[in-house]
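Asker: Predicted model follows, preceded by the sequence.
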Amino acid sequence: MVAGVVATACAVIATATASAQGFIYNQHQPRANRANLIDDNHMLVQATEVDYDYNNQRISAVGNVQMFYNGTSVEADKVIYDQKTKRLHAEGNIRMTDAEGKITYANILDLSDDYRDGFVDSLRADTEDQTRMAATRADRSSGNYTVFDNGVYTACAPCKDDPKKPPLWQVKGARIIHNQTEKMLYFENAQLEFFGVPMAYLPYFSTPDPTVKRKSGFLMPGFTTYSAFGVGVEIPYYFALAPDFDATFNPRITSKQGVLFQGEFRQRLSNGAYQIRLYGIDQLDQGAFAGQPGDRQFRGGVETKGQFALNNKWTWGWDGVLLSDYYFMSDYRLAQYKDPFGSFLSLPTEAISQLYLTGVGNRSFFDARAIYYLSYSGNQNQVPVVAPVIDYNNVINSPIFGGEFSYKVNFTNLTRETAVFDPITAQAANPHNPLCTTTSADPMARTPSQCLLRGMPGTYTRLTAEAQWRKSYTDPLGQIWTPFVGVRADAINADISNQPGVSNFLPVGDTQTVRLMPTVGFEYRYPFINVQPWGTTTVEPIAQVIIRPDEPKAGKLPNEDAQSFVFDTSNLFAIDKFSGYDRVEGGSRANVGVQATTQFDRGGSIKAMFGQSYQMFGLNSFAVADVTNTGIDSGLQNPRSDYVASLAYSPNRTYTFSVRSRMDEATWNINRFEAQASANFDRWSASVTYGDYAEQPELGYQARREGIMTTGSFKVAANWVVTGSARWDLQSNKINQYVFGAGYVDDCFVLAANYVSSYNYSVGSGPPVPNKTYLLTLGLRTIGINSVNF
């Protein structure tokens with residue numbers, strides 16, 4: 001008896017005797033050396049005992065048998081190879097690993113020596129991508145078809161504590177047919193089980209085998225309900241057309257409106273990718289949308305997007321949307337935001353069509369784009385077309401006069417058909433006699449005392465160029481002095497349509513303006529550092545002086561991009577505190593404050609800031625009302641601004657606390673207060689935000705606003721998560737927005753349920769209408785994800 005035999009597929013390479021001299025190596029030869037002798041044309045067998053029957057041309061290996069051939073290894077208690085029939089028979093504790101990494105366990109195995117034909121009893125197979133199959137018997141034929149009797153398939157890992165316990169989900173079939181040429185699994189008389197309990201019966205279904213990444217075929221169906229179209233069932237079909245492009249056709253069959261056809265084409269190229277999506281429906285009951293934009297027979301749309309790299313610094317791309325009517329996407333629930341589990345959450349209020357070019361350098365940035373906003377609320381004539389908007393900024397790498405020189409350019413051109421007015425008084429907002437609509441005939445309509453002009457009608461063009469130089473010096477006492485100079489120039493052309501009420505805010509007609517704003521100033525900081533055994537504290541007084549002329553034509557020009565403004569510690573030392581280019585801060589100003597930071601040696605930090613701003617001389621830009629009253633009621637409208645303060649405390653990575661406040665400079669009454677606390681543990685996280693805002697009548701807020709926003713998630717178990725959020729209006733004592741959900745996610749299964757309170761926006765300027773939605777998502781790895789929306 002010997003330890004091993006080296007044989008070809010048909011004959012053993014040995015002498016005519018069974019002596020040891022005919023064998024190339026024995027059981028004591030290192031495994032690494034043995035592996036070097038293996039190739040695709042030789043069979044390596046190692047066992048405790050190997051017998052060669054010359055009369056019957058049969059090799060029998062018994063005890064810890066290991067056989068290697070054609071990239072496949074077989075381990076078993078006993079292996080018999082018949083050279084006449086060229087068949088391999090194995091028994092007991094069989095473990096076969098093929099060239100692709102699939103592992104098959106069995107009690108009995110009988111295969112041809114090329115593994116094309118045969119059978120396996122008591123089969124269990126594990127693949128490299130963690131899918132598993134089992135069967136009482138598997139028959140293989142033609143090297144292509146494998147039929148599993150009483151088969152079981154799952155993509156879930158077995159339970160570590162009890163491997164015999166049923167997996168989270170599995171599909172059982174009377175027969176499972178694996179076609180390796182098609183790379184498909186066909187299930188006959190199948191049932192879907194969860195934890196071993198049958199939940200669904202499927203007479204027949206098919207799915208690509210686990211080795212397939214892309215393959216044509218039906219995807220998981222989807223279900224949704226909505227009053228406009230009734231019950232909808234989507235049956236998507238995926239086309240794997242080529243390695244670089246594919247398509248999906250998913251018609252939605254609705255109970256009230258017929259079939260909504262949907263299709264999407266995607267292609268990836270060497271330098272980018274693009275996709276096109278089409279919609280279309282011939283409505284059976286257009287009267288269901290009587291008096292609405294959807295009151296037409298055919299409705300549809302096109303969506304497309306793409307992005308391509310010109311090189312490692314430049315990219316260009318587009319987003320495009322074209323619809324038969326602006327309510328189409330919301331009526332058929334086609335544009336919705338999703339949560340991390342894949343469930344739909346809420347409807348957006350607009351879609352963006354744009355063409356863009358972006359470049360990023362080491363210290364420079366370029367972006368040019370043309371934008372068309374498609375409003376889902378029906379006010380398309382009040383939405384601007386921006387074509388183009390160009391931004392470029394750059395910081396020169398080399399010092400100039402020992403300091404840093406930077407510059408930026410912005411060019412904006414926009415067109416709007418109809419003016420946009422916002423009411424700021426209860427009288428103007430009265431739905432029975434609205435004073436800020438373009439059709440109101442009331443003498444008080446569309447006046448600055450009643451309304452804001454949020455958007456001017458006509459064409460507005462502005463070119464802005466700004467340059468700045470600054471240099472920091474540190475003197476022997478540790479004081480930091482930073483002088484800076486800058487200049488900004490704006491060239492503006494405004495062609496304003498003479499629509500009702502517009503002349504109350506802006507001069508109508510064609511107006512050209514050049515605006516120049518030179519700036520000179522310095523910033524002073526004197527950090528005091530105190531080092532203790534428990535940490536380091538830095539206290540830093542800061543003073544900033546800015547000298548510049550008054551803002552040219554303050555309040556007499558359109559304001560499209562600088563309407564949002566909040567004064568707090570984040571912009572206390574900003575040279576220009578306005579958020580956009582359409583306003584420029586003028587007049588000379590001093591900003592003073594103190595900043596303190598403590599860094600604890602054992603982790604954690606505290607950062608606090610307190611300060612105030614002073615209008616030294618010249619025109620205070622924040623005291624001048626423009627078409628949107630930006631800056632009024634901001635806390636900067638007086639010669640001495642409100643006090644601003646902030647405090648952030650993070651004791652460790654788990655907790656964070658922050659407070660931001662603005663106090664009246666005369667009475668110390670709180671005009672704006674925000675506090676936030678968050679905690680993030682291994683199993684749960686939560687955050688609470690409290691806001692208290694004084695009335696701002698010039699901006700339309702006639703009453704004080706106060707509320708709490710909470711969000712949280714709790715990991716109930718290893719894979720279970722519960723999430724929720726709610727907003728509580730303390731002034732009206734009402735919870736007016738909330739989301740609750742629960743989800744289960746692991747390596748093979750996704751289950752999510754959500755309840756959402758959101759809003760649908762009505763045509764015109766009416767208030768949003770509350771909408772409540774229930775969402776359910778179910779996903780099985782390698783099979784698909786399905787969502788139900790109702």
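Answerer: Great, that's in hand. Please read these numbers as outputs of a predicted model, since none were measured by experiment.

Asker: Please count neighbours and contacts with C-alpha atoms only from this point.
Answerer: Fine.

Asker: measure residue 95 to residue 79 for me?
Answerer: 12 Å (C-alpha to C-alpha, to the nearest Å).

Asker: between these two, which one's more packed in?
Answerer: More crowded of residue 95 and residue 79, by other C-alpha atoms under 10 Å: residue 79, with 28 against 21.

Asker: right, and that one touches residue 91 too?
Answerer: Yes: with contact defined as C-alpha atoms under 8 Å, residue 79 counts as touching residue 91 (6.5 Å).

Asker: all strands for the stretch 451-600 of the chain, in order.
Answerer: Here the stretch 451-600 of the chain has its strands, by DSSP state E, counting those that start in this stretch, at 451-455, 458-470, 473-474, 480-496, 509-525, 528-532, 535-547, 588-600.

Asker: just the stretch 51-200 of the chain next, same as before
Answerer: Under DSSP E, counting those that start in this stretch, the stretch 51-200 of the chain gives strands at 58-69, 72-82, 87-97, 103-112, 118-126, 132-141, 145-154, 169-179, 184-194, 197-208.

Asker: JSON lines please, covering these and showing distance to residue 275 and mean pLDDT.
Answerer: Conversion of the strands of the stretch 51-200 of the chain to JSON lines gives the following (distance: least, C-alpha to C-alpha, whole Å; pLDDT from 0 to 100):
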{"stretch": "strand 58-69", "distance to residue 275": "46", "mean pLDDT": "87"}
{"stretch": "strand 72-82", "distance to residue 275": "42", "mean pLDDT": "88"}
{"stretch": "strand 87-97", "distance to residue 275": "41", "mean pLDDT": "88"}
{"stretch": "strand 103-112", "distance to residue 275": "39", "mean pLDDT": "86"}
{"stretch": "strand 118-126", "distance to residue 275": "36", "mean pLDDT": "81"}
{"stretch": "strand 132-141", "distance to residue 275": "35", "mean pLDDT": "86"}
{"stretch": "strand 145-154", "distance to residue 275": "33", "mean pLDDT": "89"}
{"stretch": "strand 169-179", "distance to residue 275": "32", "mean pLDDT": "90"}
{"stretch": "strand 184-194", "distance to residue 275": "27", "mean pLDDT": "89"}
{"stretch": "strand 197-208", "distance to residue 275": "24", "mean pLDDT": "86"}
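
Asker: a markdown table for the ones you listed, including distance to residue 250?
Answerer: Formatted as a markdown table, the strands of the stretch 51-200 of the chain follow (distance: least, C-alpha to C-alpha, whole Å):
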| stretch | distance to residue 250 |
| --- | --- |
| strand 58-69 | 46 |
| strand 72-82 | 42 |
| strand 87-97 | 39 |
| strand 103-112 | 37 |
| strand 118-126 | 33 |
| strand 132-141 | 30 |
| strand 145-154 | 26 |
| strand 169-179 | 25 |
| strand 184-194 | 21 |
| strand 197-208 | 17 |
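
Asker: Which of those sits closest to residue 593?
Answerer: Judged by C-alpha to C-alpha, the one of these that comes nearest to residue 593 is strand 169-179, at 62.1 Å.

Asker: Flag the shaky bits of the chain, pLDDT-wise.
Answerer: Judged by pLDDT under 70, the chain has its weakly predicted residues at 1-41, 335-348, 432, 758-771, 790.

Asker: Now stretch 609-619 - C-alpha only, PDB.
Answerer: Provided in PDB are the C-alpha atoms of stretch 609-619 (Å, rounded to 0.1, in the frame of the first residue of the first chain):
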ATOM      1  CA  MET A 609     -18.000  83.100  21.100                       C
ATOM      2  CA  PHE A 610     -19.600  86.400  22.000                       C
ATOM      3  CA  GLY A 611     -19.600  89.600  20.000                       C
ATOM      4  CA  GLN A 612     -21.300  92.700  18.600                       C
ATOM      5  CA  SER A 613     -21.100  94.800  15.400                       C
ATOM      6  CA  TYR A 614     -21.000  98.600  15.200                       C
ATOM      7  CA  GLN A 615     -21.900 100.800  12.200                       C
ATOM      8  CA  MET A 616     -19.200 103.500  12.600                       C
ATOM      9  CA  PHE A 617     -20.200 105.900   9.800                       C
ATOM     10  CA  GLY A 618     -21.900 105.900   6.400                       C
ATOM     11  CA  LEU A 619     -25.100 104.300   5.300                       C
END
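
Asker: Give the buried residues for stretch 269-282.
Answerer: Using 16 or more other C-alpha atoms under 10 Å as the test for burial, stretch 269-282 gives 273-282.

Asker: would you list the strands of the stretch 451-600 of the chain in a markdown table and tack on distance to residue 775 and mean neighbour count?
Answerer: Output for the strands of the stretch 451-600 of the chain, formatted as a markdown table (distance: least, C-alpha to C-alpha, whole Å; neighbours: other C-alpha atoms under 10 Å):
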| stretch | distance to residue 775 | mean neighbour count |
| --- | --- | --- |
| strand 451-455 | 37 | 24 |
| strand 458-470 | 43 | 19 |
| strand 473-474 | 60 | 12 |
| strand 480-496 | 47 | 19 |
| strand 509-525 | 52 | 16 |
| strand 528-532 | 55 | 12 |
| strand 535-547 | 50 | 19 |
| strand 588-600 | 46 | 19 |
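
Asker: As a check, name the ranges of all strands in the stretch 651-790 of the chain.
Answerer: Per DSSP E, counting those that start in this stretch, the stretch 651-790 of the chain carries strands over the ranges 655-663, 670-680, 684-693, 705-715, 720-729, 734-745, 749-760, 769-780, 784-789.

Asker: Sheet partners, orientation included, of the second one?
Answerer: When pairing is defined by DSSP bridges, strand 670-680 lines up against strand 655-663 (antiparallel), strand 684-693 (antiparallel).

Asker: Just the residues contacting that strand, thanks.
Answerer: Under the contact criterion C-alpha atoms under 8 Å, 6 or more residues apart in numbering, strand 670-680 has outside partners 653-664, 685-694.

Asker: can you check the last one too?
Answerer: With C-alpha under 8 Å, 6+ apart as the contact definition, strand 784-789 has outside contacts at 219-225, 342-344, 773-779.

Asker: just to revisit the earlier point, identify whichever of the strands of the stretch 651-790 of the chain lies nearest to residue 407.
Answerer: Nearest to residue 407 among those is strand 655-663; the distance by C-alpha to C-alpha comes to 31.7 Å.

Asker: residues touching residue 189, list them.
Answerer: Contact partners of residue 189, counting by C-alpha under 8 Å, 6+ apart, are 173-175, 201-204.

Asker: what two of the residues you listed have the greatest distance between them?
Answerer: 175 and 201, at 14.0 Å, using C-alpha to C-alpha across those.

Asker: and stretch 457-473, how far from the chain's centre?
Answerer: 33 Å (C-alpha atoms, centre = their mean, to the nearest Å).

Asker: typo on my end, stretch 425-433
Answerer: Worked out by C-alpha atoms, centre = their mean, stretch 425-433 lies 40 Å from the chain centre.

Asker: List the buried residues of it.
Answerer: For stretch 425-433, the neighbour count (16+ other C-alpha under 10 Å) marks 425, 428-429 as buried.

Asker: next one: stretch 605-619
Answerer: If you call a residue buried by 16+ other C-alpha under 10 Å, then stretch 605-619 has these buried ones: 605-617, 619.

Asker: cool, stretch 662-669 as well?
Answerer: For stretch 662-669, burial by neighbour count (16+ other C-alpha under 10 Å) applies to 662-665.

Asker: now, which of the residues you listed sits nearest residue 192?
Answerer: Using C-alpha to C-alpha, those come closest to residue 192 at residue 662, 60.1 Å.

Asker: So in terms of bridging, what pairs with that closest one?
Answerer: residue 644, residue 672.

Asker: got it, and residue 789?
Answerer: In this entry, residue 789 is beta-bridged to residue 224, residue 775, by DSSP bridges.

Asker: Just give me the neighbour total for it.
Answerer: Neighbour tally, residue 789, other C-alpha under 10 Å: 20.

Asker: got it, and residue 101?
Answerer: By other C-alpha under 10 Å, the residues close to residue 101 number 14.

Asker: ok, the nearest residue to residue 533 once chain neighbours are set aside - contacts?
Answerer: Spatial nearest neighbour of residue 533, chain neighbours left out: residue 601 (7.8 Å); criterion: C-alpha to C-alpha, 6 or more residues apart in numbering. Contacts for residue 601 were tallied using C-alpha under 8 Å, 6+ apart; they are 533-536.

Asker: Many thanks, have a good one.
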